[in-house]
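K.L.:
Next one to model:
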Amino acid sequence: VSSSSTTTTTMETDSSSTIQTNIVQKEQETTDNGNQKDTKDDTTTTTAIQPSMAALSKALQTLSLTTTTDSTTNKAGINMLYLYLRNLSNHPTAPRYRKIYTNNATYSKNVELLDGGKELLKSVGFEEFASFLEWNDGEDDDEEGGENRLALVKDAVAALELLKDGKK
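P.N.:
I've put the predicted structure just below:
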């Protein structure tokens, strides 16, 4: 039996604007006999980014700080991330939207140079291979209590829409 609660994380990018992301986080698990046990920590000691709301929030905060500089490259990178993830959220089973080729010129020029761009993709379930990133929906994972990665993608799309429209 487990209990969950909803918390709201506010990422401040400057004194006048914020992005709010609703986070549903598992706070504690209770065994059948009523004893509480510690919840798994969302952080990891390795350099791998595990798909989670905490990782998504961190990547979005990095991106929101990046967008404070009025750079064409930053805006193009945010727009590309938005398009990648919007297409994926609308067509999660379509193979063409589940893979991003990192040797593609558009990706290399815009997203790869964007501070927090690749981290955002990994935070919603993209896994890095030699020349591409591929979205893993988590359906085959054996982890208990894994977050719904499609929900993470949709949360990222909503936040990126605010960033691309300048509503930090």
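K.L.:
Check the gap between Ala94 and Asp137 for me.
P.N.:
12 Å (CB to CB, to the nearest Å). C-beta here means a position set from N, CA and C on the backbone, and glycine is covered the same way.
K.L.:
In terms of neighbours, single out the busier of those two.
P.N.:
Asp137 (16 against 10; other CB atoms under 10 Å).
K.L.:
So Lys58, which state does it fall into?
P.N.:
helix (DSSP: H, G, I helix; E, B strand; the rest coil).
K.L.:
contacting residues for it?
P.N.:
Glu119, Ser123 (CB atoms under 8 Å, 6 or more residues apart in numbering).
K.L.:
how much space between it and Thr73?
P.N.:
21 Å.
K.L.:
now Leu88
P.N.:
With CB to CB as the criterion, Leu88 and Thr73 are 23 Å apart.
K.L.:
Look at these two and report which has more neighbours.
P.N.:
Looking at Leu88 and Thr73 with other CB under 10 Å, you find the greater number of neighbours at Leu88, namely 28 against 14.
K.L.:
secondary structure element for the more buried one?
P.N.:
Element membership for Leu88 (DSSP states H and E) is helix 72-90.
K.L.:
Could you do Pro92 as well?
P.N.:
With DSSP H and E as criterion, Pro92 is part of no helix or strand.
K.L.:
Please verify my assumption that it contacts Leu152.
P.N.:
No. Counting by CB atoms under 8 Å, Pro92 stays clear of Leu152, with 11.6 Å between them.
K.L.:
is it true that Tyr97 touches Arg86?
P.N.:
No. Applying CB under 8 Å, one finds Tyr97 not in contact with Arg86, separated by 9.3 Å.
K.L.:
which residues touch the nearest residue to Ser108 once chain neighbours are set aside?
P.N.:
Among residues not flanking Ser108 along the chain, Thr102 sits closest, at 7.2 Å (CB to CB, 6 or more residues apart in numbering). Each residue near Thr102 by CB under 8 Å, 6+ apart is listed here: Ser108, Glu112, Glu128, Ser131, Phe132, Leu133.
K.L.:
So what sits opposite the fifth one in the bridge?
P.N.:
So the one you mean is Phe132. Tyr101 (DSSP bridges).
K.L.:
what about it, how many neighbours?
P.N.:
Using other CB under 10 Å, Phe132 has 16 other residues around it.
K.L.:
Which phi and psi values does the closest residue to Gly77 other than its chain neighbours adopt?
P.N.:
Spatial nearest neighbour of Gly77, chain neighbours left out: Leu114 (3.4 Å); criterion: CB to CB, 6+ apart. Backbone torsions of Leu114, given as degrees, to the nearest 10, read phi -80, psi 120.
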